[in-house]
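Chemist: here are the coordinates; sequence isn't available:
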């Protein structure tokens with residue numbers, strides 16, 4: 001992670017799973033990535049995730065498998081200091097709930113700290129969320145974002161620009177490889193007469209690279225006009241982000257913002273809602289979701305309680 005000068009290396013690549021809190025297309029994940037990019041003076045940060053169902057190919061997930069094995073048969077008590085729930089299972093004592101949760105976390109840390117993976121000791125410690133004083137602001141100005149960030153369903157890129165008044169000098173030779181600064185879409189390449197050549201679609205054997213039909217991503221084609229900017233051609237991973245870009249950068253051409261109507265609301269946290277749609281799950285601010293859906297969520301919650 002660090003070089004001989006004890007500095008974070010200039011190019012950071014992170015591979016994460018596709019969970020709602022780690023997916024690189026979510027707003028807070030992007031905000032954290034930009035925060036790291038600025039804090040550590042990175043030339044670039046890339047966050048990549050696997051497609052659904054393929055997290056087994058994530059090396060970090062594989063390394064963590066022994067931790068799950070150690071939990072076989074373990075039952076974590078929810079009432080170490082007394083129950084914080086009423087007869088309906090609702091929380092009635094938040095402070096007691098936090099203490100019980102902390103005790104369960106300390107038990108997990110004790111179990112995992114006794115594990116040794118490939119000769120390496122595991123260090124596990126419960127971190128009290130109330131002691132976390134770090135804060136991450138929302139996304140930067142849209143002009144800065146458009147110049148430095150590229151997002152997609154499975155890849156986030158934050159890269160320094162060429163403006164010396166905006167970004168500090170590069171610490172790596174990454175720009176010698178990526179002449180356009182950002183990673184380009186993958187193409188199959190073969191050699192013809194000693195020169196690299198991109199073959200025609202009919203010449204593609206489908207063995208070394210994903211078939212063109214899959215790479216064309218047919219499921220998102222109907223949404224292409226909504227998630228890509230028709231003015232500058234930049235692709236966004238969600239309709240919400242594309243709409244924000246149009247309003248901020250091309251305000252004269254942007255259509256009035258419309259609230260999102262998801263198929264259902266899975267859960268909520270503070271002012272955000274985890275919304276489900278045909279394109280998957282996405283955290284959205286409550287004021288960006290149609291009120292009828294929020295009311296429906298509250299009604300169903302009260303009904304089941």
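Modeler: Perfect, I can see it now. Everything quoted here is computed from the prediction, not taken from an experiment.
Chemist: Going by C-alpha atoms from here, please, whenever you check contacts or count neighbours.
Modeler: OK.
Chemist: Could I get the phi/psi values of the residue of the chain most remote from its centre?
Modeler: Relative to the centre of the chain, the most outlying C-alpha is that of residue 193, 42.5 Å out, by C-alpha atoms, centre = their mean. Main-chain torsions, residue 193, degrees, to the nearest 10: phi 60, psi 40.
Chemist: For it, give its distance to residue 228.
Modeler: According to C-alpha to C-alpha, to the nearest Å, residue 193 stands 38 Å off from residue 228.
Chemist: about what we covered before: list the residues that contact the residue farthest from the centre of the chain.
Modeler: By C-alpha atoms under 8 Å, 6 or more residues apart in numbering, no residues touch residue 193.
Chemist: Break the protein into its domains for me.
Modeler: The chain breaks down into these domains under automatic domain parsing: 1-68+123-184, 71-114, 264-304.
Chemist: Would you single out the least confident of those domains?
Modeler: For the domains of the chain, mean pLDDT drops lowest on domain 264-304, to a mean of 65.
Chemist: Let me know which of the domains of the chain is the nearest to residue 241.
Modeler: Across those, residue 241 has its closest neighbour in domain 1-68+123-184 (8.7 Å, C-alpha to C-alpha).
Chemist: end to end, how far does that closest one reach?
Modeler: Using C-alpha to C-alpha, the end-to-end distance of domain 1-68+123-184 comes out at 25 Å.
Chemist: And the strands in the stretch 151-300 of the chain?
Modeler: Counting by DSSP state E, counting those that start in this stretch, the stretch 151-300 of the chain has strands at residues 155-159, 190-192, 195-197, 264-269, 272-277, 280-285.
Chemist: What are the contacting residues of the last one?
Modeler: It stands for strand 280-285. 20, 26, 27, 271, 272, 273, 274, 275, 276.
Chemist: Residue 102: what secondary structure?
Modeler: helix (DSSP: H, G, I helix; E, B strand; the rest coil).
Chemist: Surely it touches residue 126?
Modeler: Yes. Between residue 102 and residue 126 there is a contact under C-alpha atoms under 8 Å: 7.3 Å.
Chemist: contacting residues for residue 266?
Modeler: Counting by C-alpha under 8 Å, 6+ apart, residue 266 has contacts 273, 274, 275, 276.
Chemist: per-residue confidence at the residue farthest from the centre of the chain?
Modeler: Listed pLDDT for residue 193 reads 79.
Chemist: With the one 4 residues further on instead?
Modeler: At residue 197, the predicted lDDT confidence score is 69.
Chemist: all helices for this protein, in order.
Modeler: With helices called from DSSP state H, the chain shows them at 27-39, 59-69, 94-113, 142-148, 174-177, 212-215, 224-227, 239-249, 291-304.
Chemist: Can you give me the buried ones in the fourth one?
Modeler: Burial within helix 142-148, assessed by neighbour count using 16 or more other C-alpha atoms under 10 Å, is assigned to 142, 148.
Chemist: Can you spell out which helices and strands pack onto that helix?
Modeler: Taking 3 or more C-alpha pairs under 8 Å, 6 or more residues apart in numbering; DSSP states H and E as contact, the helices and strands that helix 142-148 lies on are helix 239-249.
Chemist: quick one: the helix it packs on to helix 27-39, angle?
Modeler: Here helix 239-249 runs at 50 degrees with respect to helix 27-39, directions being taken by axes from the mean of the first three to the mean of the last three C-alpha atoms, to 10 degrees.
Chemist: and residue 28, what is it in contact with?
Modeler: Applying C-alpha under 8 Å, 6+ apart to residue 28 gives the contacts residue 138.
Chemist: hang on, the earlier thing: between residue 102 and residue 126, who's got more neighbours?
Modeler: Neighbour count, other C-alpha atoms under 10 Å: between residue 102 and residue 126, residue 102 has more, with 18 against 14.
Chemist: picking up where we left off before, among the helices of the chain, which comes closest to residue 262?
Modeler: Proximity to residue 262, assessed across the helices of the chain by C-alpha to C-alpha, is greatest for helix 291-304 (7.6 Å).
Chemist: Of all the domains of the chain, which one is nearest residue 245?
Modeler: Residue 245 sits nearest to domain 1-68+123-184 of all those, at 6.5 Å, using C-alpha to C-alpha.
Chemist: quick one: terminal-to-terminal distance for stretch 5-16?
Modeler: By C-alpha to C-alpha, the extent of stretch 5-16 from end to end equals 27 Å.
Chemist: Report the buried residues of that stretch.
Modeler: 9, 10, 11, 12, 15, 16.
Chemist: swap in stretch 104-114?
Modeler: Applying 16+ other C-alpha under 10 Å to stretch 104-114 flags 104, 105, 106, 107, 108, 109, 112 as buried.
Chemist: now swap in stretch 146-159 and tell me
Modeler: Quick answer for stretch 146-159 (16+ other C-alpha under 10 Å): 148, 149, 150, 151, 153, 154, 155, 156, 157, 158, 159.
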